[in-house]
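# Quick one, fold the following:
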Amino acid sequence: MSEHQHLSTQFDADLDSVCSRVLHMGGLVERQINRAIEGLGNGDLDLLQSVVTGDHEVNALEVEVDQACSQLIARRQPAARDLRLIMAIIKTITDLERAGDEADKIARMARQIHTREGVKHLRIADVRRSAEDAVDMLHRALDAFARLDTVAAAQIVREDRTIDDQFRAILRQLITFVMEDPRTISMVLEIVFIAKAIERIGDHAKNIAEYVIYIVKGTDVRHVTLEALEREALS
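So this is what the prediction gives:
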């Protein structure tokens, strides 16, 4: 094997290692979100606290992967698709870290809700369904990243509208709830924060899907219409 081939093989191995850590980070964030929503539903304060204290693991992974990407750029000076991949990884881990922050926020709000009397009147079925959809979007965005699947990525971007619609529907329900019983306003505001956190998780999943299209096609589709994005993804 020539020196050039050896360096190329090592670079590919380093890239694979970084991508694996991104997927590991994504799996950790998914678990954090699921645990936060589970704690919201059953009032398990220990579970909710574990989400809050576990946020540092996500933060540490972001720093680790970011440093690995910086070292790859400095040592290998990648170009074209390899450079786009590394740039997209840096953006992806930022979105994952922020999604982890949203899980932390859900856990903190849920903990406040469940330490207040009257929690038996909590209505969260729609919130839980929206959370399940957002986590599913995030999971499939990471799968699209792993496979560099632009078709799947475009579908995820389209589905972000559903999460947005769900948030607006939840907001309307909560306004009605407060009108029926103004004493619930504090709890309702906390649920609004949770619903907004879920909507933001959907946004982060959409962002990751857009990075997949950027890696493969070399086109920044973050600020184009959905129709233009789908044409680029499917071309």
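
# what does the average pLDDT come to for the strand or helix carrying residue 135?
Assigned by DSSP states H and E, residue 135 belongs to helix 125-147. If you average the pLDDT over helix 125-147, you get 96.

# Below-threshold pLDDT in this structure: ranges please.
1-8, 117-123 (pLDDT under 70).

# how about the CA coordinates for stretch 14-24, as CSV?
Extracted C-alpha coordinates of stretch 14-24, given in CSV (Å, rounded to 0.1, in the frame of the first residue of the first chain):
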residue,chain,number,x,y,z
ASP,A,14,-11.3,8.6,11.2
LEU,A,15,-14.4,9.9,9.5
ASP,A,16,-16.3,6.7,10.2
SER,A,17,-15.3,7.0,13.9
VAL,A,18,-16.6,10.6,14.1
CYS,A,19,-19.9,9.6,12.3
SER,A,20,-20.3,6.7,14.8
ARG,A,21,-19.9,9.2,17.7
VAL,A,22,-22.5,11.5,16.2
LEU,A,23,-25.0,8.6,16.0
HIS,A,24,-24.1,7.6,19.6
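
# which residues of this protein fall in strands?
For the chain, strands defined by DSSP state E do not occur.

# quick one: buried residues of the helix holding residue 135?
126-127, 130-131, 133-135, 137-145 (16 or more other CB atoms under 10 Å). For glycine as for every other residue, the C-beta is placed from the backbone atoms N, C-alpha and C.

# Check the offset of that helix from the chain's centre.
8 Å (CA atoms, centre = their mean, to the nearest Å).

# how about it as PDB, C-alpha atoms only?
What follows is helix 125-147, C-alpha atoms only, in PDB (Å, rounded to 0.1, in the frame of the first residue of the first chain):
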ATOM      1  CA  ALA A 125     -52.100  12.900  25.700                       C
ATOM      2  CA  ASP A 126     -51.700  15.200  22.800                       C
ATOM      3  CA  VAL A 127     -48.300  16.400  24.100                       C
ATOM      4  CA  ARG A 128     -47.100  12.900  24.400                       C
ATOM      5  CA  ARG A 129     -48.200  12.000  20.900                       C
ATOM      6  CA  SER A 130     -46.400  15.100  19.500                       C
ATOM      7  CA  ALA A 131     -43.300  14.100  21.500                       C
ATOM      8  CA  GLU A 132     -43.400  10.600  20.000                       C
ATOM      9  CA  ASP A 133     -43.600  12.100  16.500                       C
ATOM     10  CA  ALA A 134     -40.700  14.500  17.100                       C
ATOM     11  CA  VAL A 135     -38.500  11.700  18.500                       C
ATOM     12  CA  ASP A 136     -39.400   9.600  15.500                       C
ATOM     13  CA  MET A 137     -38.400  12.500  13.200                       C
ATOM     14  CA  LEU A 138     -35.100  12.800  15.000                       C
ATOM     15  CA  HIS A 139     -34.400   9.100  14.800                       C
ATOM     16  CA  ARG A 140     -35.100   9.000  11.100                       C
ATOM     17  CA  ALA A 141     -33.100  12.100  10.500                       C
ATOM     18  CA  LEU A 142     -30.100  10.400  12.100                       C
ATOM     19  CA  ASP A 143     -30.800   7.300  10.000                       C
ATOM     20  CA  ALA A 144     -30.900   9.400   6.900                       C
ATOM     21  CA  PHE A 145     -27.600  10.900   8.000                       C
ATOM     22  CA  ALA A 146     -26.000   7.500   8.500                       C
ATOM     23  CA  ARG A 147     -27.200   6.300   5.000                       C
END
